[in-house]
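Student: Quick one, fold the following:
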Amino acid sequence: MDGRLLLLRLHIHLRRSISSSPPPSPPPLLDLPLSHPIYTIWASNTGLGKTLVSTGLAAATLLSPFPSSDSAKFIYIKPVQTGFPSDSDSAFVFRKFSQLVLRRRPSFAVSASNHVLKASASAAEAVLGFGSEGEGELRDLGAYEERRLLGEEWAAGAASELTCKTMYAWREAISPHLAVEREGGAVPDKVLLEVLGRCLRIGSEDGRGRMDVWSVVETAGGVASPGPSGTLQCDLYRPFRLPAILVGDGRLGGISGTISAYESLKLRGYDVVAIVIEDHGLVNEVPLLSYLGNRVPVLVLPPVPQDPSDNLMEWFDKSQAVFSSLKEIMLSVYSERIQRFHDMPKRAGDIFWWPFTQHKLVPEETVTVIDSRCGENFSVHKVQNNDFIAQQFDACASWWTQGPDATLQYGFGAEDFTLRKLLLGVNLN
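Tutor: Reported below is the predicted structural model:
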């Protein structure tokens, strides 16, 4: 038999045998809208005030004395919550914002809502008052509450809107990975990121202007606290690479913890646009600014009252200027980032040399602008009605020298690996 024909038949047989077992599913490709500012609120440790910062930003955006629009929208997303329902950060933001509306009484209508998507069986029982079958699984809780405040103009449709969402909740107030071990309700990283991606697209296509919609994602615990699967949250949320607000520690020992958290984020490619700390009388902001070299602003909030009966309204009033400054910093960074994306194609044509290419024949809109790389994918800036970041597989030459991850090695290399062994007469058993 002709050697070439034998080789061809062997190759076809291998293709059929290998393709009969499905390869592992690749990681999800996640698109990120850039139609409005989206930020992640991190902290160097738990209990430092991430939720206070989220609430203050919501009030600064929606209740400003000089709002950019009377129909602004602020979306607060809490992907992972433990200690639920007695401790619910989205409920805190919803409740305190509602109180601030009644206190400041803006001249326009305001609405606020809070929605919890899924909870462990134990957490769901605490909310509903009864248990259900399927112990160890997540429940579609669907808990929802809404308030319409100062609604004189509601009928005309002119209203600012706060939307709070908790994606996954567990009852025990412990680290998410430990809550999953004890209560069940495992959430694979891929699923969590896909749900978060859908939440991030809220408000991106409702026709509002760039500055009329804001979104914040508040993490759980510290920068390197584990998520439900055990993956560190700084790694878990890295595919989105959302710009970061870091809530630092103003207490004794807080300088080291804040710098460590900052470096953990920077080493993973996050852009930290501001650090916020509570004033504990130790002036931690001075050495932080000295270390950062004024690259990142450090904002100081007044001391938080320790009396549990304090409703914090006076504290939010005292903090109003700080949150307004933080909002302006975030808005400026967002606008500069969008402008930079649009300027890059022209700058690339002026600076880069592309081999075997006539630069004058390359339209600017065909230049690929890469924001970052994560895993085996580039994050690429695209424009289609609105700006957005799309995941695009890295197929350039460096991929072959660096090597893909184990899943892709299996998917792309199994066929050739097996074929080579058979042709060399190596026993595969």
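
Student: where does the protein have low pLDDT?
Tutor: Where the chain drops to pLDDT under 70, the residues are 1-29, 66-70, 131-135, 151-158, 205-211, 396-429.

Student: Okay, strands next: where are they in it?
Tutor: Secondary structure of the chain by DSSP state E: the strands cover 32-33, 38-43, 73-81, 109-120, 138-149, 159-169, 213-218, 244-247, 272-278, 298-301, 369-374, 377-384, 386-393.

Student: Run the chain-centre distance for the shortest one.
Tutor: Taking C-alpha atoms, centre = their mean, to the nearest Å, one finds strand 32-33 lying 10 Å from the centre of the chain it belongs to.

Student: what's the answer for the last one, then?
Tutor: Here the centre of strand 386-393 is set off from its chain's centre by 15 Å, with C-alpha atoms, centre = their mean.

Student: Thr46 against Gly221, yeah?
Tutor: Yes. Using C-beta atoms under 8 Å, Thr46 is in contact with Gly221, at 4.4 Å. Where you see a C-beta, it was placed from the backbone N, CA and C, and this is true even at glycine.

Student: More neighbours: the two, which one.
Tutor: With neighbours defined as other C-beta atoms under 10 Å, Thr46 and Gly221 compare such that Gly221 has more, 21 against 12.

Student: right, and that one touches Leu48 too?
Tutor: No. Using C-beta under 8 Å, Gly221 makes no contact with Leu48, being 9.9 Å away.

Student: Just give me the neighbour total for Pro363.
Tutor: So Pro363, with other C-beta under 10 Å, has 9 neighbours.

Student: ok, it to Phe356 distance?
Tutor: In this view, Pro363 and Phe356 are 17 Å apart by C-beta to C-beta, to the nearest Å.

Student: ditto for Leu196
Tutor: Counting by C-beta to C-beta - Leu196 and Phe356 are separated by 41 Å.

Student: Could you check which of the two is surrounded by more residues?
Tutor: Neighbour count, other C-beta under 10 Å: between Leu196 and Phe356, Leu196 has more, with 22 against 4.

Student: Determine how far stretch 255-269 lies from the middle of the whole chain.
Tutor: Distance, centroid of stretch 255-269 to centroid of chain: 17 Å (C-alpha atoms, centre = their mean).

Student: contacts for that stretch?
Tutor: Stretch 255-269 is contacted by residues 42-45, 222-224, 234-235, 238, 241, 244, 246, 248-249, 272, 275, 277, 284, 287-288, 291-292, 296, 372, 374 when judged by C-beta atoms under 8 Å, 6 or more residues apart in numbering.

Student: same deal with stretch 60-76?
Tutor: The contact list for stretch 60-76 (C-beta under 8 Å, 6+ apart) reads 54, 57-58, 90, 93, 97, 100-101, 104, 106, 108, 110, 153, 157-165, 199, 202-203, 206, 208-209, 211-216, 218, 320, 323-324, 326-327.

Student: Can you name the residues that contact the closest residue to Gly257 other than its chain neighbours?
Tutor: Sequence neighbours aside, Ser44 is the residue nearest to Gly257 in space, at 4.4 Å (criterion: C-beta to C-beta, 6 or more residues apart in numbering). By C-beta under 8 Å, 6+ apart, Ser44 lies in contact with 222-223, 246-249, 254, 257-258, 260-262.

Student: One more pass at 6 Å, please.
Tutor: Ser44 is in contact with 222, 248-249, 257-258, 261, counting by C-beta atoms under 6 Å, 6 or more residues apart in numbering.

Student: mind putting the residues you listed in CSV, neighbour count and distance to Gln391 included?
Tutor: Shown next, in CSV, are the contacts of Ser44 (neighbours: other C-beta atoms under 10 Å; distance: C-beta to C-beta, whole Å):
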residue, neighbour count, distance to Gln391
Gly222, 23, 27
Gly248, 28, 31
Asp249, 24, 34
Gly257, 18, 33
Thr258, 28, 31
Ala261, 26, 26
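
Student: The residue nearest to Leu242 when sequence neighbours are not counted bridge partners, please.
Tutor: Computed as C-beta to C-beta, 6+ apart, the closest residue to Leu242 that is not its neighbour in sequence is Thr40, at 4.4 Å. In this entry, Thr40 is beta-bridged to Val217, Ala244, by DSSP bridges.

Student: ok, Thr40 touching Glu218?
Tutor: No. In this structure, Thr40 is not within contact of Glu218 by C-beta atoms under 6 Å, at 7.7 Å.

Student: picking up where we left off before, look up how far Gly254 lies from the residue nearest to Gly257.
Tutor: For Ser44, the distance to Gly254 (C-beta to C-beta) stands at 7 Å.

Student: same question, Asp343
Tutor: From Asp343 across to Gly254, the span is 38 Å (C-beta to C-beta).

Student: of these two, who's got more company?
Tutor: Taking other C-beta under 10 Å, Asp343 and Gly254 do not tie; Gly254 has more neighbours (20 against 11).

Student: hang on, the more buried one packs against Asn284?
Tutor: Yes. In terms of C-beta under 6 Å, Gly254 counts as a neighbour of Asn284; the distance is 5.4 Å.

Student: show me what contacts Trp353?
Tutor: So Trp353 contacts nothing (C-beta under 6 Å, 6+ apart).

Student: Select the longest helix from the chain.
Tutor: Longest helix in the chain, counting residues (DSSP state H): helix 320-351.

Student: Which strands and helices lie in contact with that one?
Tutor: Helices and strands touching helix 320-351, by 3 or more C-beta pairs under 6 Å, 6 or more residues apart in numbering; DSSP states H and E, are helix 50-62, strand 272-278, strand 298-301.

Student: Mind doing that once more with 7 Å?
Tutor: helix 50-62, strand 272-278, strand 298-301, strand 369-374 (3 or more C-beta pairs under 7 Å, 6 or more residues apart in numbering; DSSP states H and E).

Student: Pick the most buried one from these.
Tutor: Using mean count of other C-beta atoms under 10 Å, the stretch among these with the largest mean neighbour count is helix 50-62, at a mean of 25.

Student: Quick check: which of the strands of the chain is nearest to Val333?
Tutor: strand 272-278 (4.6 Å; C-beta to C-beta).

Student: how much does the closest one deviate in direction from helix 50-62?
Tutor: Strand 272-278 runs at 110 degrees relative to helix 50-62, counting by axes from the mean of the first three to the mean of the last three C-alpha atoms, to 10 degrees.
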